[in-house]
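[1] Generate a structure from the sequence data that follows.
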Amino acid sequence: RLDRDCGLANNYSPDAWNREHIWPKSHGFPSQGQDAYTDIHHIVPADKSTNTDRSDNDFKSGGVPDDECSGCYEGEFNGGSTWEPPDLVKGQIARILFYMDTRYDGSDYDESSTPELTLVDDSTTYPNPSLGVLSDLLQWHCDFPVSDRERLRNDIVQSWQGNRNPFIDYPEFVESIWDYRCGNPSMPTQPTSNPPTADPTHEAPISTPTGAFPTVPTYINNPTPGSGSVWINEFHYDNTGSDVDEFVEVGCNGIVDVTGYIVFFYNGNGGGDYNKAELSGICSMDNFIVVPVSAGASIQNGPDGIALVNTNEDIVLEFISYEGSFIATNGPAVGMKSVNIGVSEASS
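    Predicted coordinates for the structure are as follows:
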């Protein structure tokens, strides 16, 4: 368990880091017993003084520059206070809040103890379970598309919490649910009442201030539809008899130069990496990259894992495993828990 506050001096230092709820817990779930309080899809590390300045304000563009956070602005709207985060995280914050509005619709109150959370196109106040400003969030979603780091964070959250943010996997859901068209908006004054629920448990396929925060890959066999996404599409690791023709196939949904991308192979017994293969060439939707693995360096039987790493940006795009999951103890995926894809082959 991590302490809520940490820093070089002490927990009272304004430059310490602490845990920030993107949807303020005072707006609907002040108790630790309520599921939304501990839902890590919207919990991020934040600079303590920046977190204090943000408070429980609504999100909206405009205002005066904040002294603690570069690119942040404090403003006013309809009698309430507002907060504009840096461009780097505007889209991510918007999609986190869309998830919260959809996940906590009040229908599972007996299980989650969380009331219906609603995004509105207005200012909000404690303790109402609502948050604004919807029109700005929708525009941020359009202006700042899903990033690879956002996809990675979605995978990491799924590996620990068991569900995903569907607005990262399927950003087009936003336009359908809130009747908003990116580039040609036609936006209702507030969200449709009881909008259709996008299943946050969909099984598809890290720090910055509230202003910025942690962040990865597309889950195997269900790539996120973002331009330039790269993922592990297929692999073969076992045969009856001698292991032959083993390979890893890397897919993409754009034209991507995969020079600098490396596939690392991990042993589930101990969590260390035991081999790697470098990629090269141009990957496209018509030309996936196949990485053959020689018999002398064959892919081990499970529980083992494969990590796809973009060394150009020092990002682990994907860390999957078969025949079980485990936590990597070294290499680029160190500390990450693998996502078990649920396949198994009999040993030779």
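[2] Could you say which helix or strand holds residue 320?
    Counting by DSSP states H and E, the secondary-structure element that holds residue 320 is strand 315-322.
[3] so how far is that strand from its chain's centroid?
    In terms of CA atoms, centre = their mean, to the nearest Å, the centre of strand 315-322 is set 14 Å apart from its chain centre.
[4] what sits up against the helix or strand following it?
    The element immediately downstream of strand 315-322 (helix or strand, assigned by DSSP H and E) is strand 339-340. Strand 339-340 is contacted by residues 155, 158-159, 205, 219, 303, 318-325 when judged by CB atoms under 8 Å, 6 or more residues apart in numbering. Backbone N, C-alpha and C define where each C-beta goes, glycine included.
[5] Filter those residues down to the buried ones.
    The neighbour count (16 or more other CB atoms under 10 Å) marks 155, 158-159, 205, 219, 303, 318-323, 325 as buried among the contacts of strand 339-340.
[6] Just name the closest of those residues to residue 98, please.
    The nearest member of those to residue 98, counting by CB to CB, is residue 158 at 16.9 Å.
[7] for the closest one, helix, strand, or coil?
    Three-state assignment for residue 158 (DSSP: H, G, I helix; E, B strand; the rest coil): helix.
[8] which non-adjacent residue is nearest it?
    With CB to CB, 6 or more residues apart in numbering as the measure, residue 164 is the residue that lies nearest to residue 158, at 5.0 Å, once sequence neighbours are left out.
[9] What of residue 271?
    Using CB to CB, 6+ apart, the closest residue to residue 271 is residue 329 (3.6 Å).
[10] same thing with residue 161?
    In this structure, residue 161 finds its nearest non-sequential neighbour in residue 40, 5.6 Å apart by CB to CB, 6+ apart.
[11] Could you report the neighbour count for that neighbour?
    13 (other CB atoms under 10 Å).
[12] just to revisit the earlier point, so can I have a markdown table of the buried ones among the contacts of strand 339-340 showing distance to residue 34 and pLDDT?
    Supplementary listing: the buried ones among the contacts of strand 339-340 in a markdown table, determined by distance: CB to CB, whole Å; pLDDT from 0 to 100:
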| residue | distance to residue 34 | pLDDT |
| --- | --- | --- |
| 155 | 25 | 89 |
| 158 | 21 | 90 |
| 159 | 23 | 87 |
| 205 | 30 | 31 |
| 219 | 28 | 28 |
| 303 | 35 | 85 |
| 318 | 32 | 89 |
| 319 | 31 | 90 |
| 320 | 32 | 91 |
| 321 | 32 | 89 |
| 322 | 36 | 87 |
| 323 | 36 | 86 |
| 325 | 28 | 89 |
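[13] wait, what's in contact with the closest residue to residue 337 other than its chain neighbours?
    Computed as CB to CB, 6+ apart, the closest residue to residue 337 that is not its neighbour in sequence is residue 159, at 4.6 Å. When contacts are counted by CB under 8 Å, 6+ apart, residue 159 is found next to 325, 336-339.
[14] you'd agree residue 53 is up against residue 63?
    No: taking CB atoms under 8 Å as the definition, residue 53 is not a contact partner of residue 63, at 11.2 Å.
[15] Counting by contacts, list what the top helix by length along the chain packs against.
    The single longest helix within the chain, with elements called by DSSP state H, is helix 87-103. Here helix 87-103 touches strand 58-59, strand 118-119, helix 134-143, helix 148-161, helix 166-169, helix 172-178, going by 3 or more CB pairs under 8 Å, 6 or more residues apart in numbering; DSSP states H and E.
[16] Out of the ones you listed, name the one with the poorest average pLDDT.
    Confidence, taken as mean pLDDT, is least for helix 148-161 of the helices and strands packed on helix 87-103 (a mean of 89).
[17] That one vs helix 87-103, what angle?
    Using axes from the mean of the first three to the mean of the last three CA atoms, to 10 degrees, the direction of helix 148-161 lies 40 degrees away from that of helix 87-103.
[18] Which positions in helix 148-161 come out as buried?
    Going by 16+ other CB under 10 Å, helix 148-161 has these buried residues: 148-159.
[19] Now distance to residue 233 too, for these, in CSV please.
    What follows is these, written out as CSV (distance: CB to CB, whole Å):
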residue, distance to residue 233
148, 16
149, 21
150, 20
151, 15
152, 17
153, 21
154, 18
155, 15
156, 20
157, 22
158, 19
159, 19
